[in-house]
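> have a look at this fold, sequence not included:
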């Protein structure tokens, strides 16, 4: 039913946010309108909009105001190692055999981001499997 959309992250400094999401996290910058708006692609229909802070919107870094979940296409240990090499403080990996593996980190404004690695999911019969990491 829904094939795309975007999550908006309110940021205090557009240059720092663009650098973080592109150079550190490794997402592709698709739009940049000065300090007014930018978008980065996070794969398969997820666009992240970067919006400057203002009194009309939630304050950047306000806990609980936004959370991004980014699905990794590589083993979560590899993704965590890459982020750590780039100076990101990543929480420990939470492992759940039924739902997947997860690791948390924050962008420069303190917005929480969850890195996710999902297992294959059975669809009705045991012979049909979908690998959610395609």
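Cool, got the structure. Because the structure is predicted, anything quoted here is derived from the model rather than measured.
> just want the most central residue of the protein.
With distances taken as Cα atoms, centre = their mean, the residue of the chain nearest its centroid is residue 70 (3.6 Å).
> show me where this protein has its strands.
6-11, 28-33, 37-41, 47-52, 68-71, 94-96, 100-106, 112-117, 121-123, 125-130 (DSSP state E).
> list the buried residues of the fourth one.
The neighbour-count check on strand 47-52 (16 or more other Cβ atoms under 10 Å) flags 47-52 as buried. Every C-beta, even on glycine, is put in place using the N, C-alpha and C of the backbone.
> sorry, back to before: ok, the residue nearest to the centre of the chain to residue 29 distance?
The spacing between residue 70 and residue 29, counted by Cβ to Cβ, to the nearest Å, is 16 Å.
> one step back: dump the buried residues of strand 47-52 to JSON lines, plus distance to residue 62.
Shown next, in JSON lines, are those (distance: Cβ to Cβ, whole Å):
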{"residue": "47", "distance to residue 62": "22"}
{"residue": "48", "distance to residue 62": "17"}
{"residue": "49", "distance to residue 62": "17"}
{"residue": "50", "distance to residue 62": "16"}
{"residue": "51", "distance to residue 62": "14"}
{"residue": "52", "distance to residue 62": "15"}
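> residue 76: which of those residues is nearest?
If you rank those by distance to residue 76 using Cβ to Cβ, residue 48 comes first, at 19.8 Å.
> run through who's touching stretch 49-68.
Here stretch 49-68 makes contact (Cβ atoms under 8 Å, 6 or more residues apart in numbering) with 6-12, 14, 17-18, 21, 35-40, 42, 48, 106, 109-114.
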